[in-house]
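K.L.:
the sequence and its predicted three-dimensional model are supplied below.
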Amino acid sequence: MRIWITGHLGMIGSALTKILSKKSNILYLKTREELDLKKINDIRSYLSQIDCDWIFVAAGKVGGILENSKNPLDFFYDNFMINNNILRVACEKKIKKVMVLGSSCMYPINIKQPYKENSLFNGKVEKTNEGYGLSKLMTVKLAEFYNIQHKCNFISVIPCASYGPDDSFVEGKNHVIPALIKKFFDAKVNNKPFVKVWGSGEALREFLFVDDLAEGLVFLMNNYNDQKPINIGSGHEIKIKNLALEISNLIGFKGDLIFDSKKPEGVRRKYLDSSRLQSMGWKAKTDIKTGLIRTIEHFKKMESKNNA
């Protein structure tokens, strides 16, 4: 199979590359410096040069609550334009199959949980991730319209929050797990007496280890052809308070945890109904503790390399 993986240096893209490179596939990989996905003619030129069967759209602008709140236009524009351009050219070039990724941020606030795919348009998305969430909603709808009007095979997958090696640990631009790992690691190294955690700690979240996510995406690319989006989650929830305690213990931080309820924490609960995917015979393998250990080990190696 000849496959273009966009965003192959990111967390999800690198996990996909690792899995797909083990099989007899031809992989096409381009960095953002080599190919600007916001420029549609550059994509046309590139796809004219390669013979491609599948495209995984793993490229995109991601960040935590702070970055999303400060820069909603950037998150909306960049993510929608990347997906819009790729889908349009993929349709023109008659690419056999394309996968776009949604996000649990797409789901409206105040709807029944766990989130079912048929409730995506039943309300407004949460304000702190509005730009990102709306871009993903429009991408899912765009893929559906291409399928209806042009008989394309574009599938949309909605993952819960993912984590793992190759995540971003840059302060202010990262998600909750890499943010907590860096905070506790720095606090331990600098003998700080406490660590502040955003929010009350009572928010519930579902996390999926990135290697499981990548395996699930490949499974869906091989087995799913419906024009409607499909959820992919771990099937397990954890309070942010318990997550922080687990990470603190694994890193060996001995100080106190202070939860700052004045800071935003998003919706109180995010939990996907992944029953459609599970009925197809797939489910996640990696429990949260195992995934955290592997992520922390990767982070420590990265820190050692940077400080060498």
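P.N.:
Everything's here; your move.
K.L.:
what's in contact with the helix or strand of the chain with the lowest mean pLDDT?
P.N.:
Lowest on mean pLDDT, DSSP states H and E among the helices and strands of the chain sits helix 65-70, with a mean of 82. Under the contact criterion CB atoms under 8 Å, 6 or more residues apart in numbering, helix 65-70 has outside partners 75, 128, 129, 130, 131, 132, 172, 173, 198, 264, 265, 266. The C-beta positions use only the backbone N, C-alpha and C, and glycine is treated the same way.
K.L.:
following element in sequence after it, please.
P.N.:
For helix 65-70, the succeeding helix or strand toward the C-terminus, using DSSP states H and E, is helix 72-92.
K.L.:
coming back round to it: work out the gap between the least confident helix or strand of the chain and the centre of the chain.
P.N.:
Offset of helix 65-70 from its chain centre (CA atoms, centre = their mean, to the nearest Å): 16 Å.
K.L.:
buried set for that helix?
P.N.:
Neighbour-count burial for helix 65-70, counted by 16 or more other CB atoms under 10 Å, picks out 65, 66, 67, 68, 69.
K.L.:
just stretch 256-264 next, same as before
P.N.:
257, 259.
K.L.:
tell me who's in contact with the most centrally placed residue in the chain.
P.N.:
The C-alpha lying nearest the average C-alpha coordinate of the chain belongs to residue 162 (CA atoms, centre = their mean; 5.4 Å). Contacts for residue 162 (CB under 8 Å, 6+ apart) come out as 11, 12, 207, 208, 209, 210, 213.
K.L.:
still on that earlier bit, mind exporting the C-alpha coordinates of the least confident helix or strand of the chain to PDB?
P.N.:
Presented in PDB, the C-alpha positions along helix 65-70 are these (Å, rounded to 0.1, in the frame of the first residue of the first chain):
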ATOM      1  CA  ILE A  65      -6.600  25.400  27.000                       C
ATOM      2  CA  LEU A  66      -4.500  28.500  27.300                       C
ATOM      3  CA  GLU A  67      -3.300  28.500  23.700                       C
ATOM      4  CA  ASN A  68      -6.800  27.600  22.400                       C
ATOM      5  CA  SER A  69      -8.400  30.400  24.400                       C
ATOM      6  CA  LYS A  70      -5.800  33.000  23.300                       C
END
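K.L.:
hang on, the earlier thing: keep only those of the contacts of residue 162 that are in strands.
P.N.:
In strands, defined here by DSSP state E, the members of the contacts of residue 162 are 207, 208, 209.
K.L.:
looking at those residues, which one is closest to residue 259?
P.N.:
Within these, proximity to residue 259 (CB to CB) peaks at residue 207, which comes in at 18.6 Å.
K.L.:
and for the closest one, the neighbour number?
P.N.:
Number of residues near residue 207 (other CB atoms under 10 Å) recorded here: 25.
K.L.:
now swap in the one 10 residues further on and tell me
P.N.:
Number of residues near residue 217 (other CB under 10 Å) recorded here: 24.
K.L.:
that one contacts residue 99, correct?
P.N.:
Yes - the pair residue 217 / residue 99 is scored as a contact, 6.5 Å apart, by CB atoms under 8 Å.
K.L.:
mutual contacts of these two, please.
P.N.:
Shared contacts of residue 217 and residue 99, defined by CB under 8 Å, 6+ apart, comprise 56, 157.
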